[in-house]
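[1] fold the stuff below for me.
(3 chains)
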Amino acid sequence: MMRPGFADPVFQAQASFRAVLEAMSRPGRVQLLDLPLTPPAGLDPAMAAVLLTLADADTSLHLPAGAEDAAEWTRFHCGSPSAAVSEADFVLALDAVPVLSTLRQGTDEAPEQAATLICQVALLEEDRGWRLTGPGISGSHHLRVAGLPADFLQQWAAQRQAFPCGVDVILCAGHRIAALPRSVRIEEA
Amino acid sequence: MTHDPGYNFAYLDEGTKRMVRRAVLKAVSVPGHQVPFGAREMPLPYGWGTGGIQVTASILGPQDTLKVIDQGADDTTNAVSIRRFFSRVAGVRTTTRTRDATVIQTRHRIPEMPLREGQVLVYQVPMPEPLFRLEPRLSETRRMHALADYGLMHVKLYEDIARHGHVSTAYNYPVMVANRYLMSPSPIPAFDNPKMDNMPALQLFGAGREKKIYAVPPYTRVRSLDFEDHPFRPHRADAACAFCGARDSYLDEVVCDDRGGRMFICSDTDHCETRQEAAR
Amino acid sequence: MAYVAVKGGEAAIAHAHGWMAECRRGNPAVPGIGVEQIEEQLGLAVDRVMAEGACHDRSLAALAIKQAQGDLIEAAFLLRAYRTTLPRFGHAAPLDTRSMAVRRRISAVFKDLPGGQLLGPTMDYTHRLLDFALAAEALAEPAPEAEAAADEPLRRVADILAADGLMPAECDAGEAPPDLTREPMAFPASRAARLQNLARGDEGFLLGLGYSTQRGYGNNHPFVGEIRQGEVAVCFTPPELGFEIELGSIVVTECDMVNQFQGSRTQPPQFTNGYGLVLGRGERKAMSMALVDRALKAGELGEDRVAPAQDEEFVLMHSDNIEATGFVEHLKLPHYVDFQSELEVIRRMRATAAAPAEDRA
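    Residues are numbered from 1 along each chain as shown, chains lettered A, B, ... in the order given. Take a look at the predicted model:
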C-alpha cells in the first residue's frame, strides 16, 4: 500500500520549507525536521519532507535506479516528470552520489537554472568536520558529513571556480538536514 | 486566530508557494542575483507590494509574528492595508514591535533596531534592476550581470562627483553583494545601506511586476559603491527627533505651518515609541 | 502641538472605501444597474474586460464593470485577480477559426470572395450623431434586421494567399506555447509568447503603436486581408476520457493583415502577415494587434529594428495595462523617506555650489 505524504500539506510544507530555507541561508547549520511522516523504506523522513516541499509537476526529477518503493512514492506524491541527471531540476541521490559536474550547472546569465542535488547521507553533525566560509556564515561553521564521495571537496572546489554556475546541495540524514549552497567555500578541517 | 476559509492559508495556492519557494532558495544560493519567477496577479495592484506579499505569503506560517512597515511606520496606509490582508488570509499574529517580529515586510526602510537571527526581512521592490536608469533593456543588463560588467554604474557615480562634488544618489543606492553582484537595495535611503552589511537576519527581495526575487543571506558582505577618495557616506537630517530626541535615527521632515516651520521626527515609529517609553 | 502624526490609517481607509461605495451607487432614487443589463447592453465593454482580463466569462466581467463603476482597466484587474485563484484542469485545444460560425467577415483585398463580404453587426458606416431617442428610454426598439450568419465555414483569406504561395502559411511549430501567467516573459520571445502578450495587452497601447507603424515608424504597408468575427468551439480532452469534447463556444475576433515584403536572398518576394485574435468583439484591438505583430516580425524578416513598434522588449514589457496602471499609480503611495533623502542631498549640493571654490573638497 502507498504510504501517505504530508498529513497537513499546507503547514507541514511550510515548516519544512522554513527548515530548508534556514539550512540554505546558514550553510553548515543542521536543522531538525521533526515531522510525523512515514516514508517508504529507503527514504529518510527529512528527505521525504524536502521532496514533498519542493518537487511537483512543474519540476523535473531524477531518481536513482533501484529504490523502487522510494521512486514510486515520490512519483505518486510529487507528480514530477522524470529526467536524466544532466537535465533534471532536482536530482535525488540515495546511495551513489552523482558527480556534481554531470548535473545541470545553469549559465552565467541564468545561474538559477542549475540543478539542486538532494542527497541522503549517513550522518550530519555540526561544530566538527569541514570548515565552511562564505555568505550566511559569521566567521566559519563546521559540518561533518558521512556518506559523500571521497573526492567531494575536489568536486566542490572545481565547481566554485565556475560561480555563479553550480549545483546546490541539500543533505538529509534521518530527521536532519543541512545545505551547501554553491556560494559556500569548504575546506578540510 | 484563524484565516479566511474562502482562501488557502496566506492566499496563494500551494503550487504557487512551491514555485516562489524554489525561486527564494536559488536566490539565497546566488546572493544578489535576480531570479525570475512566475509572479501571480495578486488582489493588490502591481507596484503596491505584490512581490513582497508573494514572498511573505510563501514563507509565513502560523508560528510567525508579522510586522509590516512602509516609510518606517506601521501606521501608513499601505502598511495597514497589507497587514490587514495577512491577518485576514493567514490569521497570523501581527505586531508593531520590531523585536517581537519573525517576519518583517518593508517598503523603503530598514528598522533602526538591529535585526537578529531568526528574523526575515522582506523588501517590496519596484525596480529590481540596479542598472535600469542607465540601460533599460533587460537583455542587456542580464549580460552585464553575467560578465559582472558594472563599469556603467561606476562611470555614473564618478560623473556625479565630478559635477556636484557628491554622489547624487540619495536612495536606492547601488550595492555590491558578496563581491559579485550589483544589487538594488530597493528605494531605501542610503542611510540604511550599512545595515544590510553582515546582517544576522535573512533579507529577501520581491518584485512582483518585474517578476524577480533576490536575496542577501545572513552575514553577507554588502558594500555600497564608492571610490577611495570619495568614500560612501550615509546622510540624515542634521536634527534631533522632536518626539524622542534621537540624533542617530533617520528623520522625516514635517512642515508644520505656513511660515516655513519644520520639525523632524523618527521615520521608524516603533523605534521612536520604544525610546519614548524608556524615557518615561 | 500643531502637528499630529499620521495615525488611524485603518479608520481612514475604511471611511474612504465607504465613500467610494456610495459614489458607486450614485443617487439611490435611480434604480440600480443589474449585472445582466451590463452583460446585455454594454457588451463591448464586457468584451474588452474579458480580453484584457484574459478570462472568458461574460457575467463575471459584467460584475467587475459594475463594481469598478465602469473603469474598464480596474474591471479587467478584478477579473485577473479572480482568475489567478482558479484551479487549472488542463489546456484547451487551439481554437479552429477556420470552422468559425462567422457573423461578420470583411476583406479589403478582394472585392468578392467565396462566402462574400458579411457586414454583420458593426458601427462602420454609422453617422456619429448622438441618438437622442436612446435617452428617451424607448420601451420597445425595433428588432434589427441583420444578415444571417454564414451557414458554411468560410475559407480564410490567409489560406487563399498561402495556397498560391503569395504569403507563407502560418504553421504550428509543434512547441508547447509558454504560459505567461505562470512564467515570466523572456527575451527574445517566441512568436507564441508575443501573441499571448499582445492578446492580453491594453487596447489603447496597441492602437497607438499600430497607428505609429502606419505613419512610417516601422513601415508596414498593411492591408486588411480579413477580419472575421463569430463563434468558435472550445474543445478539451479530459485525461480520464482520452477523447476530445466540446466545452462550448465563444465569440472571438480575428484579423489577418497582409503586408508588403520585398523578399530576401533566401526568400522570393511575397506578402507577410500580421495576426490578431481577441476574445469577444474587439475589432479595433484585433487590427492593432495584427499591425504590432507584423512590426515585431522585423527580426525574423531581417528588417532593421528602428521603430518603437518593432522593439520587442519595449512593446512586450509595456503592453499590460494591469502592470502599467499599478506602477504608475503606485506613485500615490507615500515616498517621503526617499524624498527626504533627496532633500538632504540637494541641500548639500546647493551648499557646495554656494561655497567659495577653494573650500571645495
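
[2] how about the secondary structure of B:S87?
    Following DSSP: H, G, I helix; E, B strand; the rest coil, B:S87 is assigned to helix.

[3] with adjacent residues omitted, what lies nearest to whichever residue of chain A sits closest to chain C?
    Nearest residue of chain A to chain C (CB to the nearest CB) works out as A:D58 at 7.9 Å. Yep, even glycine has a C-beta here, placed from its N, CA and C like the rest. Closest residue in space to A:D58, ignoring its immediate chain neighbours: B:M19 at 6.6 Å, by CB to CB, 6 or more residues apart in numbering or on different chains.

[4] mind checking how far the residue of the stretch 151-300 of chain C found nearest chain A is from B:R142?
    Closest residue of the stretch 151-300 of chain C to chain A, CB to the nearest CB: C:R182 (7.9 Å). Noted for C:R182: a distance of 20 Å to B:R142, by CB to CB, to the nearest Å.

[5] what residues are up against the residue nearest to A:D58?
    A:D58, B:F37, B:G38, C:R182 (CB atoms under 8 Å, 6 or more residues apart in numbering or on different chains).

[6] farthest-apart pair in those residues, please.
    Using CB to CB, the contacts of B:M19 span at most 11.7 Å, a distance reached by A:D58 and B:F37.

[7] look at these two and report which has more neighbours.
    Just comparing A:D58 and B:F37: by other CB atoms under 10 Å in any protein chain shown the higher neighbour count belongs to B:F37, 28 against 16.

[8] now the strands for the chain?
    By default, I'm working from chain A. In chain A, the strands defined using DSSP state E lie at A:31-32, A:61-62, A:90-93, A:116-120, A:123-133, A:141-146, A:168-173, A:176-180, A:185-187.

[9] please refer instead to chain C.
    Under DSSP E, chain C gives strands at C:101-106, C:222-236, C:245-259, C:272-279.

[10] between the ones you listed, which one is nearest to B:G49?
    Nearest to B:G49 among the strands of chain C is strand C:272-279; the distance by CB to CB comes to 29.7 Å.

[11] how many neighbouring residues does B:D160 have?
    Counted with other CB under 10 Å, the neighbours of B:D160 add up to 17.

[12] can you spell out which helices and strands pack onto the helix or strand in which it is found?
    Applying DSSP states H and E as the criterion places B:D160 in helix B:151-164. On a contact count with 3 or more CB pairs under 8 Å, 6 or more residues apart in numbering or on different chains; DSSP states H and E, helix B:151-164 meets helix C:336-354.

[13] repeat the analysis, applying 10 Å as the threshold.
    helix B:138-147, strand B:181-183, helix C:336-354 (3 or more CB pairs under 10 Å, 6 or more residues apart in numbering or on different chains; DSSP states H and E).

[14] quick one: buried residues of that helix?
    Using 16 or more other CB atoms under 10 Å in any protein chain shown as the test for burial, helix B:151-164 gives B:M153, B:K156, B:L157, B:D160, B:I161, B:H164.

[15] buried ones in stretch B:187-202?
    Of the residues in stretch B:187-202, those buried (16+ other CB under 10 Å) are B:187-196, B:199, B:201-202.

[16] start to end distance for it?
    Start-to-end span of stretch B:187-202 (CA to CA, to the nearest Å) is 18 Å.

[17] quick one on the thing from earlier: which is the next helix or strand following the helix holding B:D160?
    As the chain continues past helix B:151-164, the following element, by DSSP H and E, is strand B:175-177.

[18] direction included, what does that following strand pair against?
    strand B:181-183 (antiparallel), strand B:222-224 (antiparallel) (DSSP bridges).

[19] on that earlier part again, give me the more crowded residue out of C:R182 and B:R142.
    Taking other CB under 10 Å, C:R182 and B:R142 do not tie; B:R142 has more neighbours (17 against 14).

[20] spatially nearest residue to that one (excluding sequence neighbours)?
    Leaving aside its chain neighbours, B:R142 sits nearest to A:E109 (5.2 Å; criterion: CB to CB, 6+ apart).

[21] same question, A:P4
    Once flanking residues are discounted, A:P4 sits nearest to A:T38: 7.1 Å by CB to CB, 6+ apart.

[22] try B:M42
    Spatially, and ignoring its direct neighbours in sequence, B:M42 is nearest to B:T50 (4.3 Å; CB to CB, 6+ apart).

[23] tell me how far the helix or strand bottoming out on mean pLDDT in chain A lies from the chain's centre.
    When the helices and strands of chain A are compared on mean pLDDT, DSSP states H and E, helix A:68-78 comes out lowest with a mean of 90. Offset of helix A:68-78 from its chain centre (CA atoms, centre = their mean, to the nearest Å): 17 Å.

[24] please list all residues in contact with the nearest residue to A:G174 once chain neighbours are set aside.
    Leaving aside its sequence neighbours, A:G174 sits nearest to A:D44 (CB to CB, 6+ apart; 5.4 Å). Contacts for A:D44 (CB atoms under 10 Å, 6 or more residues apart in numbering or on different chains) come out as A:33, A:37, A:50, A:70, A:94, A:120-121, A:172-177.

[25] out of the helices and strands packed on helix B:151-164, which gets nearest to B:P234?
    Among these, the nearest to B:P234 by CB to CB is helix C:336-354 (9.2 Å).

[26] now do that closest one: which elements does it pack against?
    Applying 3+ CB pairs under 10 Å, 6+ apart, one finds that helix C:336-354 contacts helix B:151-164, strand B:251-255.

[27] B:I104 is in contact with B:Q124, correct?
    No. B:Q124 sits out of contact with B:I104 when judged by CB atoms under 10 Å, with a separation of 11.4 Å.

[28] what touches both of the two?
    Common contact partners of B:Q124 and B:I104 (CB under 10 Å, 6+ apart): B:T56, B:V68.

[29] neighbour count: those two, which is higher?
    Higher neighbour count among B:Q124 and B:I104: B:Q124, with 29 against 22, using other CB under 10 Å.

[30] which residue packs closest to the more buried one, ignoring adjacent ones?
    Nearest non-adjacent residue to B:Q124 (CB to CB, 6+ apart): B:G52, at 3.6 Å.

[31] for chain A, which helix is longest?
    Ranked by residue count and defined by DSSP state H, the top helix of chain A is helix A:9-25.

[32] does chain B have contacts with that one?
    Yes. Using CB under 10 Å from any CB of the partner chain, helix A:9-25 reaches chain B at A:9-18, A:20-25.

[33] give the buried residues for that helix.
    In helix A:9-25, counting by 16+ other CB under 10 Å, buried: A:10, A:12-25.

[34] let me see the contact set for the closest residue to B:H3 other than its chain neighbours.
    With CB to CB, 6+ apart as the criterion, B:H3 has its nearest non-adjacent residue at 3.7 Å, and that residue is B:G91. Counting by CB under 10 Å, 6+ apart, B:G91 makes contact with B:M1, B:T2, B:H3, B:D4, B:F9, B:A10, B:P62.

[35] of these, which is the most crowded?
    B:A10 (26 neighbours).

[36] thinking again about what came up before, so which of the strands paired with strand B:175-177 is the most surrounded?
    strand B:181-183 (a mean of 22; mean count of other CB atoms under 10 Å in any protein chain shown).

[37] quick check: next helix or strand after that one?
    Sequence order places helix B:193-196 as the next helix or strand after strand B:181-183, per DSSP H and E.

[38] can you list the helices and strands that that next one packs against?
    The contact analysis (3+ CB pairs under 10 Å, 6+ apart) places helix B:193-196 against strand B:120-124, strand B:175-177, strand B:222-224.

[39] got the ones you listed as CSV, with mean pLDDT and distance to C:A233 columns?
    Converted to CSV, the helices and strands packed on helix B:193-196 look like this (pLDDT from 0 to 100; distance: least, CB to CB, whole Å):
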stretch, mean pLDDT, distance to C:A233
strand B:120-124, 98, 44
strand B:175-177, 98, 53
strand B:222-224, 97, 57
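
[40] coming back round to it: how near is the residue nearest to A:P4 to A:L61?
    A:T38 sits 21 Å away from A:L61, going by CB to CB.

[41] what's around the residue in the stretch 51-200 of chain B that chain A sits nearest to, how many residues?
    Minimum separation of the stretch 51-200 of chain B from chain A (CB to the nearest CB) falls at B:A146, amounting to 3.7 Å. B:A146: 15 surrounding residues under other CB under 10 Å.
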